[in-house]
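K.L.:
Test case, fold it:
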Amino acid sequence: MQISCEVCNKKFKTKRHLKLHYARNHVDKAEWSDVCKICGKVYADSEILKRHIATHEDNSLIQCEEADCDKQFSSLSAYKKHKQHIHEQNNLTKKKKPYQCSVEGCEASFAKHHLLTQHSYVHTGIPPFSCSTCERSFLTQTHRNRHMKVHNGYKCSQCTKSMSTWTELRSHIAINHPREYKCSDCDKVFYMACRLKEHKSVHSEERQVFKCRQCDRTFVKKHNLKAHVRVVHLKQLKFKCVHENCGKSFAYKHSLKKHMRIHQDGYVPPKKRIPVGRKKVGLVSRITGLDPNQKLLSVLS
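P.N.:
Numbering: from 1, shown residues only. Predicted coordinates for the structure are as follows:
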């Protein structure tokens, strides 16, 4: 027969368990009456207090018999729980590992065969994973496989080319096989899925817009609005050039970094690139619409 708590209706098998539950959950700790006279700790039950007092008496403590374990317990039941959950569970886990070291006196075992092979280095001092092309050896299979790329190269999955390093392969793919993410609502194309996701909010009817209070500009991202206010209205250009006789300031760190190139020895300003198939047109030609190959004097006469 189970006993129910009058407050929360939770059921218990014994009166003592009900008493403990009531004291711990429905009585303020300040009202607990079972106090240890040695250290002053307060408990909800007299039996728990007795077990606590026993911990102050060194002779009554039970020492764990397992090697390298200095735990002590005030009761046999507490010691049995400790032994079952800590030591017996660990021994059971050790037995489950199928790959045992064959060296005499070594009790190491492993869940996977390659870990056992790697363990052999402890006894031989020789890295167990050898390269089939050269004489190099490695401690782990992962390092050996990574080294093999030096001989085999990093092959591009989209063409026949092969690169000597992973970085070169990534650069090759980015330049020659870029992935394109096209917006379904407009003609814009992005090379990263996250950038397309950010852009899609522009076409949303329910998108949140952040409006500048000092001008008519609006922004989809709040941090863009903050940057606009800081640079345009507050004129906070916190990245200053420290080069002598320059004094220029910039809103962003990357702008300052780009600017610092002009102070390097031997700096040559980059030429403006004109897209292939497009001729450079002068100001007069753009205004008048005349052939850019005509001489200025003939145009003005």
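
K.L.:
which residues does the spatially closest residue to Tyr154 that is not a sequence neighbour contact?
P.N.:
Nearest non-adjacent residue to Tyr154, counting by C-beta to C-beta, 6 or more residues apart in numbering: Leu169, 4.0 Å away. For the C-beta atoms, the positions are set from N, CA and C on the backbone; glycine is no exception. Counting by C-beta atoms under 8 Å, 6 or more residues apart in numbering, Leu169 touches Tyr154, Lys155, Cys156, Met163.

K.L.:
How about Cys131?
P.N.:
Cys131 touches Ser137, Phe138, Arg144, His147, Met148, His151, counting by C-beta under 8 Å, 6+ apart.

K.L.:
those helices in this structure, which residues are they?
P.N.:
With helices called from DSSP state H, the chain shows them at 15-26, 46-54, 76-82, 89-96, 113-119, 121-124, 141-152, 166-176, 193-200, 222-228, 253-259, 283-288, 296-300.

K.L.:
Let me have those helices in TSV, extended by distance to Pro270 and mean pLDDT.
P.N.:
Putting the helices of the chain into TSV (distance: least, C-beta to C-beta, whole Å; pLDDT from 0 to 100) gives the following:
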stretch	distance to Pro270	mean pLDDT
helix 15-26	74	78
helix 46-54	79	75
helix 76-82	73	76
helix 89-96	64	55
helix 113-119	52	83
helix 121-124	54	82
helix 141-152	36	81
helix 166-176	19	84
helix 193-200	26	81
helix 222-228	26	85
helix 253-259	11	87
helix 283-288	22	51
helix 296-300	28	42
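
K.L.:
Turn these into CSV, including distance to Asp70.
P.N.:
Formatted as CSV, those follow (distance: least, C-beta to C-beta, whole Å):
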stretch, distance to Asp70
helix 15-26, 30
helix 46-54, 18
helix 76-82, 12
helix 89-96, 16
helix 113-119, 29
helix 121-124, 28
helix 141-152, 38
helix 166-176, 49
helix 193-200, 53
helix 222-228, 55
helix 253-259, 55
helix 283-288, 89
helix 296-300, 98
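
K.L.:
What's the separation between the residue sitting nearest the centre point of the chain and Lys188?
P.N.:
In the chain, the residue lying closest to the centroid (C-alpha atoms, centre = their mean) is Cys194, at 17.3 Å. According to C-beta to C-beta, to the nearest Å, Cys194 and Lys188 sit 14 Å apart.

K.L.:
What of Cys156?
P.N.:
From Cys156 over to Lys188 the distance is 27 Å, taken as C-beta to C-beta.

K.L.:
more crowded one of those two?
P.N.:
Neighbours were counted for Cys156 and for Lys188 using other C-beta atoms under 10 Å; Cys156 has more, 15 against 12.

K.L.:
just checking, that one touches Trp166?
P.N.:
No - with contact defined as C-beta atoms under 8 Å, Cys156 does not reach Trp166; the gap is 11.6 Å.

K.L.:
Let's see which of the contacts of Leu169 end up in strands.
P.N.:
In this view, the contacts of Leu169 that belong to strands under DSSP state E are Tyr154, Lys155, Met163.

K.L.:
Throw those residues into CSV and include neighbour count, thanks.
P.N.:
Shown next, in CSV, are those (neighbours: other C-beta atoms under 10 Å):
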residue, neighbour count
Tyr154, 17
Lys155, 13
Met163, 17
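
K.L.:
Next, find the distance separating the nearest residue to Lys253 once chain neighbours are set aside from Gln100.
P.N.:
Excluding the flanking residues, the one nearest Lys253 by C-beta to C-beta, 6+ apart is Phe239, at 5.4 Å. The gap separating Phe239 from Gln100 is 62 Å, by C-beta to C-beta.

K.L.:
next one: Lys222
P.N.:
From Lys222 to Gln100 the distance is 60 Å (C-beta to C-beta).

K.L.:
Next up, the contacts around Ser109.
P.N.:
The contact partners of Ser109, by C-beta under 8 Å, 6+ apart, come to Lys94, Lys97, Pro98, Tyr99, Gln100, Cys101, Leu116.
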